[in-house]
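Peer 1: Quick one: sequence and predicted model below, then my questions.
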Amino acid sequence: MRCRSPTFRGSGWILLVRAEIVSPRGGDRGRESEPEGTSVKPLARHTLTVLLTAALLGAGVSSSGAAPVDAPVADLGTSAKPVAAVADAAGAVFLLNEGDATISKLSAAGALTRVFARLTPACRPQGLAIDPKGALFVACGGTDSVTRVSPSGAVIDYWAYDGRGSLPRGITADSAGNVFVSNWGTSTITKIAADGSVVPVFARLDPADRPLGLTTDAAGSVYVADTQTNRVTKISAIGAVREVFAQLPTGPGAPTGPVAVAVDPWGTLYTANGSSSSGGGTGGGDSGVGSVSSFAPDGSLREASVPLPPGAHRPTGFAMDPYGDLFVGDELSHALTAIDASDGSVVSVAGFGGTAILRAVALSGTGVYAADYVSGVVRRVELAPTLTAPPSDATLRRGVPVALDVAATGFGTRLVIAAGVLPPGLTLDPARGRLGGTPTTAGTYPIDIVAANHWGATAPRHVVLMVVR
């Protein structure tokens, strides 16, 4: 696991590009002055130092070290207090608002319906799920029940009653349309089958567990974050309970209080932990600083604390894309963090400012949406790639080292040569976007460079590199 930690200054990410470039007229183009705060060794004659500004995601990079998000796509107002978000197959995003017991809808085109559905004030909404047909399900902690909202916004209270004192907190749906609810008050799991039938006690957990977040895998198994026993319970599709599938470590500083859980397509399990222990045992800690833990498909611990970007963190929930990339909402970092499934790297993809609390996160189309609990502002981060600073045609000198940085946006973007052959001696690092090496053979080398990731690819950028003696 490695944490990306590029250096940011001001409003831009400074990429230093050094290359031996020969002027077509053979003149010396000189050298740019060194940027403040960097240390650049004197360069040889005919070497050009180029400063480029680029973005990891969005149009620029903030001074906090996190890539800025697009302009706000919606403002729910400070009374909304969004706590959960989901997206439907058409790309619409639905936000559950704890503050005024409503659901807001943001269409794929960006149109906001501030009150798509109004819940009963007694509901005290806690969690939101959506089934494959677009029906919404709300865990109502105040009425010990689940409310169903049709795709058109019609509300049916008490679609399922979980039992007196059940205090439903978490809710999720599987690909078959079954809905599962975690009842914090009774440490039970309720199942609402795709046909609408309700099993109030589908699974009974240890009374000490106090379950909260839950998720499902492709086999229909349910994983439950047990907040008070610091473990994950696994429930099979038929309701068989494995009480201790995954256990957080114990001891001073160990993560405690898992509030959310996610599982990727290969079975890797993640927990969002709300705190850390101040002493031994399995009791909840009181540090107030949380973490993300990862477990192997068999439940064994991989990393007690996945390295996150610098600063304090208290993860509040997860959104996982189909490729296993994990997006983490946070109360302390005021930012959205992403864990790249391809290499385990971790990066802050969006900073929201010093007072933001991110609990509602959802993926839709090629973007990830996050809503600030404090302000009610909803923002979107584009995940598809863009070549922001592609290389230009250049004449290089044989035997002289070259380092050209190609800047691209997008999450987990890789640079590839789509056509042509690089000059012998040069290679392209697809992850760093660096074209480097020492050209060994004179000639003209036309190439096409493309930026690509899970979410798409850019149009090829045609570049001609000429190597001279």
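Peer 2: Thanks, I have it. Predicted model only: the values in this text are computed from it and were never measured.

Peer 1: Per the annotation, how does the chain divide into domains?
Peer 2: 13-57+385-447+460-468, 74-382 (automatic domain parsing).

Peer 1: Please identify the most buried of these.
Peer 2: Highest mean neighbour count among the domains of the chain (mean count of other CB atoms under 10 Å): domain 74-382, with a mean of 20. Placement of C-beta: from N, CA and C, glycine included.

Peer 1: what's the span of that domain from first residue to last?
Peer 2: Start to finish, the residues bounding domain 74-382 are 15 Å apart (CA to CA, to the nearest Å).

Peer 1: Name the stretch from the domains of the chain that approaches residue 453 most closely.
Peer 2: domain 13-57+385-447+460-468 (4.7 Å; CB to CB).

Peer 1: can you give me the mean pLDDT across the closest one?
Peer 2: Mean per-residue pLDDT for domain 13-57+385-447+460-468: 67.

Peer 1: Alpha carbons of stretch 195-202, as CSV, please.
Peer 2: Output of stretch 195-202 as CSV, limited to C-alpha atoms (Å, rounded to 0.1, in the frame of the first residue of the first chain):
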residue,chain,number,x,y,z
ASP,A,195,-41.3,-10.0,-3.9
GLY,A,196,-42.0,-7.7,-0.9
SER,A,197,-42.3,-10.4,1.8
VAL,A,198,-40.7,-9.5,5.1
VAL,A,199,-38.6,-11.6,7.4
PRO,A,200,-38.3,-9.4,10.6
VAL,A,201,-35.5,-11.5,12.0
PHE,A,202,-33.6,-12.9,9.1
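
Peer 1: Let me see the mean pLDDT of it.
Peer 2: In this model, stretch 195-202 carries a mean pLDDT of 96.

Peer 1: List of residues touching it?
Peer 2: 160-163, 180, 188-193, 235, 239 (CB atoms under 8 Å, 6 or more residues apart in numbering).

Peer 1: Recalculate using a threshold of 7 Å.
Peer 2: Applying CB atoms under 7 Å, 6 or more residues apart in numbering, the contact partners of stretch 195-202 are 160, 162, 163, 188, 189, 190, 191, 192, 239.

Peer 1: What's the first helix or strand after the lowest-mean-pLDDT helix or strand in the chain?
Peer 2: Least confident helix or strand of the chain, by mean pLDDT, DSSP states H and E, is strand 47-54 with a mean of 23. Where DSSP states H and E defines the elements, the next helix or strand beyond strand 47-54 is strand 74-75.

Peer 1: by contact count, what packs against the helix or strand that that following strand is followed by?
Peer 2: Using DSSP H and E, the next helix or strand after strand 74-75 towards the C-terminus is strand 82-87. If contacts are counted by 3 or more CB pairs under 7 Å, 6 or more residues apart in numbering; DSSP states H and E, strand 82-87 sits against strand 93-97, strand 125-130, strand 358-364, strand 367-372.

Peer 1: Nearest to residue 309, out of these?
Peer 2: Closest among those, using CB to CB: strand 358-364, at 13.7 Å.

Peer 1: Just list what the closest one packs against, helices and strands only.
Peer 2: Using 3+ CB pairs under 7 Å, 6+ apart, strand 358-364 sits against strand 82-87, strand 93-97, strand 315-320, strand 326-330, strand 367-372.

Peer 1: can you tell me which of the contacts of stretch 195-202 are in strands?
Peer 2: Judged by DSSP state E, the contacts of stretch 195-202 include 160, 188, 189, 190, 191, 192 as members of strands.

Peer 1: Compute the distance between the closest residue in space to the fourth one that isn't next to it in sequence and residue 426, please.
Peer 2: In other words, residue 190. Leaving aside its sequence neighbours, residue 190 sits nearest to residue 181 (CB to CB, 6 or more residues apart in numbering; 4.2 Å). Going from residue 181 to residue 426 by CB to CB, to the nearest Å gives 57 Å.

Peer 1: go on, residue 254?
Peer 2: 48 Å.

Peer 1: Over to residue 120?
Peer 2: As judged by CB to CB, residue 120 and residue 426 stand 66 Å apart.

Peer 1: In three-state terms, label the closest residue to residue 340 other than its chain neighbours for me.
Peer 2: In this structure, residue 340 finds its nearest non-sequential neighbour in residue 412, 4.9 Å apart by CB to CB, 6+ apart. Using DSSP: H, G, I helix; E, B strand; the rest coil, the structure places residue 412 in coil.

Peer 1: Repeat that for residue 122.
Peer 2: helix.

Peer 1: Grab the nearest non-local neighbour of it.
Peer 2: In space, residue 122 is closest to residue 142, 4.9 Å off (CB to CB, 6+ apart).

Peer 1: I'd guessed that neighbour sits against residue 124; true?
Peer 2: Yes - between residue 142 and residue 124 there is a contact under CB atoms under 7 Å: 3.2 Å.

Peer 1: what's the overlap in contacts for these two?
Peer 2: By CB under 7 Å, 6+ apart, no residue touches both residue 142 and residue 124.

Peer 1: if I look at residue 455, how far off is residue 343?
Peer 2: 17 Å.

Peer 1: now swap in residue 447 and tell me
Peer 2: In terms of CB to CB, residue 447 sits 25 Å off from residue 343.

Peer 1: Repeat that for residue 418.
Peer 2: 22 Å.

Peer 1: same question, residue 299
Peer 2: Counting by CB to CB - residue 299 and residue 343 are separated by 23 Å.

Peer 1: what sits up against stretch 168-177?
Peer 2: 126-133, 137, 139-141, 144, 146, 162, 179-184, 194, 211-216, 220.

Peer 1: at 6 Å what do you get?
Peer 2: Outside stretch 168-177, the residues that touch it by CB atoms under 6 Å, 6 or more residues apart in numbering are 126-127, 129, 131-132, 137, 139, 162, 179-184, 194, 212-216, 220.
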